[in-house]
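> This is a predicted model, with the sequence first.
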Amino acid sequence: MKPTRVTARLRGLTLLLAAFALAAAPRSAARADGYRLRADALAAVQSPAGLLVLAADGAPRPWLSAEALVWLGAGGDSEADALVVAVHARTRDRRAEARLGRFVLAAGALRPVHLDGAHARARVFGRWSAEAFAGAPVVPGFGPRGYDWLVGTRVSRALGDWGSAGIGYLHQRDRGLLAAEEIGLDAGGALSDSIDAAGRVAVDLVHLGVSEAQLSTSMRRGAWRVELYGAQRSPMRLLPATSLFSVLGDVPARKLGAVVRWRAAPRLDLSANAGARAADGVGADVSLRALLRLDARGAGAISAEFVRDGLGAWTGARAALRTPLPARLSLNVELELARPDEPAGRGSLWPWLLVATSWQRAGWDAALALEAGASPEYRHRVDALARLSRRWELP
């Protein structure tokens, strides 16, 4: 599909969404919650590349809302695309709701999906609730999707006023062929005034295995909190890497351990994690962390962390500073150092540094971030990202 046709289709979707919202708007402006529009301009030096994002949302009536997040492209051959364009409606008693358009959906323990379609949820009777969704997986640029579709459902029940449990099912086709099929179970609640428990498991019916499993229980007593946890994740469930530690440590594995947290002072938190991870082998997973808040709201803070990853065979330390500055400025600095047990020609020390500053004033928001470091993949790497945002609100 040509970029001009993509842009025209995006404009059509945006205008359709705006027309729908305006047509449903009440005659009395006093009853409206208002409309919000935000534009973000971003520039990165690694590519180099630019990006313009437009986001809008509004609630013309108490039971109706709409939102849109459109990527307008970086210029050149880049195509515009819509990330979210959806209308959300609910009944006045909030017992039922529906969403139509393009959106991201996470239903219980099922994998999150980005789809063009519909989602509905309702409290069917008593403490039982049911939801269903159907549509086509999102393709960049509204590209062709021959026989691509997915459907799913989830049923849940509230367990008194202390917890809930649910079961879900997902079926996805790619060009008519089975691409994904899984069942998800989730439950959680307060076992007592001081003990909580939660768990979730997703079973991949295509490869007949557990794609994700998490189980945790925690106990609170005064300034102390103790948590026992276990987890298993497949590669498709890994989170995006946001630091050197996440790059080195976020691998498909099974984890088992305990975390102890202590509020040593009103603004000082101490925590210790001890566990083990298993993949091709078994290794210790140990970390110590301290967090000192510099003010009562926690806007400023200093933290330090020590990490030992026996499975990845490396040891690391992290220090971070977050503080507000005069003239509506803020500063964030993070430094990480990782040392491999066996360098093997990849360097004996891997540093990572992030320096970011932001500014806010009267609807304007600007930020600048610089990231530099080394890793097993790069001898050195420097990235910079700048963002300028403007917000508008209409009654």
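Yep, that arrived.

> switch to C-alpha atoms for all contacts and neighbour counts from now on
OK.

> Could I get the full set of helices for this structure?
Assigned by DSSP state H, the chain shows helices spanning 3-23, 244-249.

> lowest-confidence stretch among those?
Among the helices of the chain, helix 3-23 carries the lowest mean pLDDT, at a mean of 40.

> Can you give the domain ranges for this structure?
1-90, 96-210 (automatic domain parsing).

> doesn't residue 164 make contact with residue 156?
Yes: Residue 156 lies in contact with residue 164 (Cα atoms under 8 Å); the separation is 7.0 Å.

> Going by mean pLDDT, which of the domains of the chain comes out lowest?
domain 1-90 (a mean of 60).

> In this structure residue 352 contacts residue 371, no?
Yes: if you go by Cα under 8 Å, residue 352 and residue 371 touch, sitting 7.5 Å apart.

> between the two, which one's more packed in?
Ranked by neighbour count (other Cα atoms under 10 Å), residue 352 and residue 371 place residue 352 first, with 21 against 16.

> Without its sequence neighbours, what residue ends up closest to that one?
residue 373 (4.0 Å; Cα to Cα, 6 or more residues apart in numbering).

> OK, contacts around that neighbour?
350, 351, 352, 353, 380, 381, 382 (Cα atoms under 8 Å, 6 or more residues apart in numbering).

> okay, these in JSON lines with pLDDT next?
Putting the contacts of residue 373 into JSON lines (pLDDT from 0 to 100) gives the following:
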{"residue": "350", "pLDDT": "89"}
{"residue": "351", "pLDDT": "93"}
{"residue": "352", "pLDDT": "92"}
{"residue": "353", "pLDDT": "94"}
{"residue": "380", "pLDDT": "84"}
{"residue": "381", "pLDDT": "87"}
{"residue": "382", "pLDDT": "89"}
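
> Just give me the closest of those residues to residue 327.
residue 353 (24.9 Å; Cα to Cα).

> and the closest one, bridged to which residues?
residue 335, residue 372 (DSSP bridges).

> likewise residue 233?
Residues in beta-bridge contact with residue 233 (DSSP bridges): residue 212, residue 253.

> pretty sure it contacts residue 209?
No: Residue 233 is beyond contact range of residue 209, at 10.9 Å (criterion: Cα under 8 Å).

> who's more crowded, these two?
Neighbour tally, residue 233 and residue 209, criterion other Cα under 10 Å: the higher count belongs to residue 233, 20 against 12.

> Can you check what pLDDT the model gives the more buried one?
Per-residue pLDDT puts residue 233 at 76.

> any idea how far it is from residue 208?
14 Å (Cα to Cα, to the nearest Å).

> for residue 367, same thing?
Taken as Cα to Cα, the span from residue 367 to residue 208 is 46 Å.

> Among those two, which residue is more densely surrounded?
Here residue 367 and residue 208 are compared on neighbour count by other Cα under 10 Å; more neighbours surround residue 367, at 18 against 10.

> Look up how far residue 187 lies from residue 295.
Here the criterion is Cα to Cα. By it, residue 295 lies 37 Å from residue 187.

> just residue 294 next, same as before
On the measure of Cα to Cα, residue 294 and residue 187 end up 37 Å apart.

> same deal with residue 97?
Counting by Cα to Cα - residue 97 and residue 187 are separated by 22 Å.

> repeat for residue 279
26 Å.

> cool, and residue 322?
36 Å.

> who touches residue 300 in this structure?
By Cα under 8 Å, 6+ apart, the neighbours of residue 300 are 293, 294, 321, 322, 323, 324.

> need the strands for the stretch 251-395 of the chain, in chain order.
253-265, 268-278, 282-293, 301-309, 314-325, 329-340, 350-361, 364-373, 381-394 (DSSP state E, counting those that start in this stretch).

> Make a markdown table from those and add distance to residue 111 to it.
Output for these, formatted as a markdown table (distance: least, Cα to Cα, whole Å):
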| stretch | distance to residue 111 |
| --- | --- |
| strand 253-265 | 18 |
| strand 268-278 | 23 |
| strand 282-293 | 26 |
| strand 301-309 | 27 |
| strand 314-325 | 31 |
| strand 329-340 | 31 |
| strand 350-361 | 31 |
| strand 364-373 | 31 |
| strand 381-394 | 30 |
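
> Indicate which one of the ones you listed is closest to residue 194.
Going by Cα to Cα, the one of those nearest residue 194 is strand 253-265, 14.4 Å.

> Can you name the residues in contact with that closest one?
223-234, 269-279.

> Weed out the non-buried ones from the residues you listed.
Burial by neighbour count, 16 or more other Cα atoms under 10 Å: within the contacts of strand 253-265 this picks out 225-233, 269-278.

> Not counting sequence-adjacent ones, nearest residue to residue 136?
residue 149 (4.2 Å).

> Surely the one you found is in contact with residue 137?
Yes: assessed by Cα under 8 Å, residue 149 is found in contact with residue 137 at 6.3 Å.
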